[in-house]
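In: quick one: sequence plus predicted model below, questions after.
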Amino acid sequence: MIAQLQKHVRLWFLTAIALLAAVPPAIARDFTYEYAGQTLTYTVLSEEDKTCETKAGYTPSAGNPVSGAVVIPETVSDGTDTYTVIQIGVYAFYGCSDLTSITIPNSITTIGNLAFNGCSGLSSITIPSSITTIGESAFYGCSGLSSIEIPNSVTEIGNYVFSNCHGLISVIYNSDALGEGLFQNSPVRDLTFGGTTASNIGIQGLKNITFTNNVTSIGDYAFSSCSELISVEIPESVTIIGEGAFARCI
(Lines give C-alpha, C1' and ligand atoms only; values in the text may rest on other atoms or scores of the structure.)
Protein backbone atom coordinates (compact mmCIF):
# COMPACT_ATOMS: atom_id res chain seq x y z
CA MET A 1 0.00 0.00 0.00
CA ILE A 2 2.75 2.41 0.97
CA ALA A 3 4.81 1.45 -2.07
CA GLN A 4 1.80 2.06 -4.34
CA LEU A 5 1.18 5.46 -2.74
CA GLN A 6 4.83 6.42 -3.22
CA LYS A 7 4.56 5.41 -6.87
CA HIS A 8 1.50 7.65 -7.37
CA VAL A 9 3.22 10.57 -5.66
CA ARG A 10 6.28 10.11 -7.85
CA LEU A 11 4.15 9.98 -11.01
CA TRP A 12 2.29 13.11 -9.91
CA PHE A 13 5.60 14.88 -9.26
CA LEU A 14 7.01 13.95 -12.67
CA THR A 15 3.80 15.05 -14.38
CA ALA A 16 3.93 18.41 -12.61
CA ILE A 17 7.54 18.90 -13.71
CA ALA A 18 6.61 18.09 -17.33
CA LEU A 19 3.72 20.55 -17.26
CA LEU A 20 5.93 23.30 -15.89
CA ALA A 21 8.50 22.63 -18.62
CA ALA A 22 5.76 22.94 -21.23
CA VAL A 23 4.70 26.41 -20.07
CA PRO A 24 5.93 28.98 -22.63
CA PRO A 25 8.23 31.77 -21.48
CA ALA A 26 6.64 34.98 -20.28
CA ILE A 27 5.56 37.37 -22.98
CA ALA A 28 8.06 40.22 -23.43
CA ARG A 29 7.05 43.29 -21.48
CA ASP A 30 6.17 46.52 -23.28
CA PHE A 31 6.15 50.06 -21.96
CA THR A 32 5.78 53.56 -23.41
CA TYR A 33 8.14 56.48 -23.17
CA GLU A 34 7.73 60.05 -24.36
CA TYR A 35 10.66 61.87 -25.92
CA ALA A 36 10.91 64.93 -28.22
CA GLY A 37 7.15 65.16 -28.48
CA GLN A 38 6.62 61.53 -29.55
CA THR A 39 5.46 58.61 -27.45
CA LEU A 40 6.89 55.26 -28.61
CA THR A 41 6.37 51.76 -27.31
CA TYR A 42 9.42 49.71 -26.35
CA THR A 43 9.86 46.00 -25.65
CA VAL A 44 12.27 44.76 -22.99
CA LEU A 45 14.88 42.42 -24.44
CA SER A 46 16.86 41.72 -21.27
CA GLU A 47 16.02 42.64 -17.71
CA GLU A 48 19.53 41.65 -16.69
CA ASP A 49 21.28 43.86 -19.25
CA LYS A 50 18.52 46.50 -19.21
CA THR A 51 18.15 46.57 -22.99
CA CYS A 52 15.10 47.07 -25.18
CA GLU A 53 13.96 47.61 -28.77
CA THR A 54 11.36 49.78 -30.44
CA LYS A 55 8.30 47.54 -30.42
CA ALA A 56 8.04 45.09 -33.30
CA GLY A 57 4.93 44.93 -35.42
CA TYR A 58 3.56 42.57 -38.04
CA THR A 59 2.06 42.92 -41.48
CA PRO A 60 0.10 45.09 -41.94
CA SER A 61 0.48 46.80 -38.55
CA ALA A 62 3.43 48.84 -37.31
CA GLY A 63 4.76 48.34 -33.82
CA ASN A 64 4.73 52.13 -33.56
CA PRO A 65 2.23 53.93 -35.83
CA VAL A 66 3.82 57.40 -36.02
CA SER A 67 3.98 60.47 -38.23
CA GLY A 68 6.23 63.50 -38.64
CA ALA A 69 9.78 63.68 -37.30
CA VAL A 70 10.74 60.94 -34.83
CA VAL A 71 13.77 60.93 -32.54
CA ILE A 72 14.68 57.66 -30.84
CA PRO A 73 16.62 58.28 -27.60
CA GLU A 74 19.57 56.16 -26.47
CA THR A 75 17.92 55.35 -23.16
CA VAL A 76 14.30 55.12 -22.05
CA SER A 77 12.53 54.48 -18.75
CA ASP A 78 9.46 52.55 -17.65
CA GLY A 79 9.21 54.77 -14.58
CA THR A 80 11.32 52.45 -12.47
CA ASP A 81 14.28 51.25 -14.52
CA THR A 82 16.31 52.71 -17.38
CA TYR A 83 16.88 50.67 -20.54
CA THR A 84 19.28 51.14 -23.46
CA VAL A 85 17.65 50.99 -26.89
CA ILE A 86 19.74 48.58 -28.99
CA GLN A 87 17.38 47.53 -31.79
CA ILE A 88 14.67 48.76 -34.10
CA GLY A 89 12.20 45.89 -34.12
CA VAL A 90 10.87 44.07 -37.18
CA TYR A 91 7.95 45.96 -38.75
CA ALA A 92 8.58 48.65 -36.12
CA PHE A 93 7.45 51.53 -38.36
CA TYR A 94 5.97 49.47 -41.18
CA GLY A 95 3.73 51.44 -43.54
CA CYS A 96 4.04 54.75 -41.64
CA SER A 97 3.67 56.80 -44.82
CA ASP A 98 3.48 60.09 -42.87
CA LEU A 99 6.81 59.52 -41.13
CA THR A 100 9.11 62.24 -42.51
CA SER A 101 12.39 61.73 -40.66
CA ILE A 102 13.93 59.42 -38.11
CA THR A 103 16.92 60.01 -35.84
CA ILE A 104 18.66 56.80 -34.78
CA PRO A 105 20.95 56.94 -31.71
CA ASN A 106 24.43 55.41 -31.53
CA SER A 107 23.19 52.81 -29.06
CA ILE A 108 21.31 50.91 -31.78
CA THR A 109 23.12 48.11 -33.61
CA THR A 110 20.31 46.42 -35.55
CA ILE A 111 17.57 47.61 -37.87
CA GLY A 112 15.04 44.80 -38.11
CA ASN A 113 13.40 43.27 -41.19
CA LEU A 114 10.85 45.56 -42.87
CA ALA A 115 11.38 48.13 -40.10
CA PHE A 116 10.63 51.10 -42.39
CA ASN A 117 9.00 49.23 -45.27
CA GLY A 118 6.48 51.43 -47.06
CA CYS A 119 7.45 54.66 -45.28
CA SER A 120 6.95 56.60 -48.50
CA GLY A 121 7.15 60.02 -46.82
CA LEU A 122 10.52 59.31 -45.18
CA SER A 123 12.91 61.84 -46.68
CA SER A 124 15.69 62.05 -44.09
CA ILE A 125 17.58 59.34 -42.24
CA THR A 126 21.16 58.97 -41.05
CA ILE A 127 22.37 55.44 -40.37
CA PRO A 128 24.89 55.78 -37.50
CA SER A 129 28.23 53.96 -37.37
CA SER A 130 26.91 51.80 -34.52
CA ILE A 131 24.71 49.83 -36.94
CA THR A 132 26.07 46.38 -37.81
CA THR A 133 22.94 44.71 -39.23
CA ILE A 134 20.23 45.97 -41.58
CA GLY A 135 17.41 43.50 -42.05
CA GLU A 136 15.66 42.37 -45.21
CA SER A 137 13.50 44.97 -46.99
CA ALA A 138 14.15 47.42 -44.14
CA PHE A 139 13.64 50.48 -46.37
CA TYR A 140 11.68 48.87 -49.21
CA GLY A 141 9.39 51.40 -50.88
CA CYS A 142 10.80 54.47 -49.11
CA SER A 143 10.24 56.57 -52.22
CA GLY A 144 10.89 59.87 -50.41
CA LEU A 145 14.58 59.10 -49.89
CA SER A 146 16.86 60.82 -52.40
CA SER A 147 20.18 59.80 -50.85
CA ILE A 148 21.51 57.28 -48.36
CA GLU A 149 24.87 56.44 -46.78
CA ILE A 150 25.76 52.93 -45.59
CA PRO A 151 28.54 53.09 -42.94
CA ASN A 152 31.45 50.65 -42.92
CA SER A 153 30.21 49.29 -39.58
CA VAL A 154 27.52 47.33 -41.44
CA THR A 155 28.65 43.70 -41.68
CA GLU A 156 25.31 42.12 -42.52
CA ILE A 157 22.64 43.44 -44.88
CA GLY A 158 19.48 41.69 -46.00
CA ASN A 159 17.94 41.35 -49.44
CA TYR A 160 15.95 44.15 -51.14
CA VAL A 161 16.81 46.67 -48.43
CA PHE A 162 16.41 49.73 -50.69
CA SER A 163 14.26 48.23 -53.43
CA ASN A 164 11.46 50.33 -54.96
CA CYS A 165 12.86 53.55 -53.50
CA HIS A 166 11.74 55.52 -56.53
CA GLY A 167 13.36 58.80 -55.49
CA LEU A 168 16.74 57.37 -54.53
CA ILE A 169 19.42 58.74 -56.88
CA SER A 170 22.59 59.04 -54.75
CA VAL A 171 24.25 56.31 -52.66
CA ILE A 172 27.41 56.29 -50.54
CA TYR A 173 28.24 52.64 -49.86
CA ASN A 174 31.07 52.14 -47.38
CA SER A 175 30.41 48.50 -46.50
CA ASP A 176 31.53 45.17 -47.98
CA ALA A 177 28.25 43.52 -46.98
CA LEU A 178 26.05 42.31 -49.83
CA GLY A 179 22.43 41.34 -50.26
CA GLU A 180 20.32 40.35 -53.23
CA GLY A 181 18.45 43.10 -55.07
CA LEU A 182 19.58 45.83 -52.68
CA PHE A 183 18.57 48.66 -55.03
CA GLN A 184 16.16 46.86 -57.35
CA ASN A 185 13.79 49.29 -59.13
CA SER A 186 15.52 52.29 -57.54
CA PRO A 187 16.90 54.91 -60.00
CA VAL A 188 20.35 55.35 -58.45
CA ARG A 189 22.60 57.41 -60.73
CA ASP A 190 25.54 58.39 -58.52
CA LEU A 191 27.52 55.92 -56.42
CA THR A 192 30.44 56.54 -54.09
CA PHE A 193 31.98 53.23 -53.03
CA GLY A 194 34.06 53.21 -49.86
CA GLY A 195 34.34 49.57 -48.89
CA THR A 196 37.53 47.60 -49.47
CA THR A 197 36.21 45.43 -52.30
CA ALA A 198 33.78 46.89 -54.81
CA SER A 199 31.22 44.22 -55.66
CA ASN A 200 27.99 44.10 -57.61
CA ILE A 201 25.32 45.72 -55.46
CA GLY A 202 22.66 45.52 -58.14
CA ILE A 203 22.58 49.00 -59.66
CA GLN A 204 22.56 49.00 -63.47
CA GLY A 205 21.36 52.56 -64.08
CA LEU A 206 24.54 54.18 -62.76
CA LYS A 207 25.95 57.21 -64.53
CA ASN A 208 28.82 58.10 -62.18
CA ILE A 209 31.01 55.99 -59.88
CA THR A 210 33.61 57.32 -57.46
CA PHE A 211 35.85 55.04 -55.41
CA THR A 212 37.41 56.27 -52.18
CA ASN A 213 40.98 55.48 -51.14
CA ASN A 214 39.65 52.63 -48.99
CA VAL A 215 38.99 50.51 -52.07
CA THR A 216 41.77 48.06 -52.93
CA SER A 217 39.99 45.84 -55.46
CA ILE A 218 37.07 45.84 -57.86
CA GLY A 219 35.42 42.43 -58.09
CA ASP A 220 34.54 40.30 -61.11
CA TYR A 221 31.60 41.74 -63.07
CA ALA A 222 31.08 44.31 -60.32
CA PHE A 223 29.59 46.92 -62.66
CA SER A 224 28.89 44.88 -65.77
CA SER A 225 25.90 45.94 -67.88
CA CYS A 226 25.85 49.47 -66.42
CA SER A 227 24.96 50.68 -69.90
CA GLU A 228 24.41 54.32 -68.86
CA LEU A 229 27.78 54.69 -67.14
CA ILE A 230 29.67 57.77 -68.32
CA SER A 231 32.18 58.47 -65.55
CA VAL A 232 34.41 56.37 -63.28
CA GLU A 233 37.13 57.58 -60.92
CA ILE A 234 39.55 54.85 -59.78
CA PRO A 235 42.13 55.80 -57.11
CA GLU A 236 45.71 54.51 -56.90
CA SER A 237 44.70 52.34 -53.92
CA VAL A 238 43.04 49.91 -56.33
CA THR A 239 45.48 47.14 -57.23
CA ILE A 240 43.06 44.56 -58.66
CA ILE A 241 40.31 44.98 -61.25
CA GLY A 242 38.41 41.73 -61.73
CA GLU A 243 37.28 40.01 -64.88
CA GLY A 244 34.49 41.81 -66.70
CA ALA A 245 34.30 44.48 -64.01
CA PHE A 246 32.98 47.00 -66.53
CA ALA A 247 31.78 44.64 -69.25
CA ARG A 248 29.02 45.92 -71.53
CA CYS A 249 29.25 49.47 -70.16
CA ILE A 250 28.50 50.77 -73.62
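Out: Arrived safely.

In: buried ones in the longest strand seen in the chain?
Out: When the chain is parsed with DSSP state E, its longest strand is strand 38-46. By neighbour count on 16 or more other C-beta atoms under 10 Å, the buried set for strand 38-46 is 38, 40-45. Backbone N, C-alpha and C define where each C-beta goes, glycine included.

In: ranges for the helices of this structure?
Out: Along the chain, counting by DSSP state H, helices occupy 2-22.

In: low-scoring stretches of it, by residue?
Out: Filtered on pLDDT under 70, the chain yields the residue ranges 1-27.

In: thinking again about what came up before, packing partners for the longest strand of the chain?
Out: With contacts defined as 3 or more C-beta pairs under 8 Å, 6 or more residues apart in numbering; DSSP states H and E, strand 38-46 has these neighbours: strand 30-35, strand 51-54, strand 68-71, strand 82-88.

In: could the ones you listed go into CSV alongside distance to Phe223 and mean neighbour count?
Out: Below are the helices and strands packed on strand 38-46 laid out as CSV (distance: least, C-beta to C-beta, whole Å; neighbours: other C-beta atoms under 10 Å):
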stretch, distance to Phe223, mean neighbour count
strand 30-35, 43, 14
strand 51-54, 36, 24
strand 68-71, 36, 16
strand 82-88, 31, 20
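
In: right, and those strands - which one's nearest Thr103?
Out: Closest to Thr103 of those, according to C-beta to C-beta: strand 68-71, at 4.3 Å.

In: what pairs with the closest one, and is each one parallel or antiparallel?
Out: Within its sheet, and counting by DSSP bridges, strand 68-71 is paired with strand 99-103 (parallel).

In: how about the strand it pairs with: buried residues?
Out: Buried residues in strand 99-103, counting neighbours by 16+ other C-beta under 10 Å, are found at 99-100, 102.
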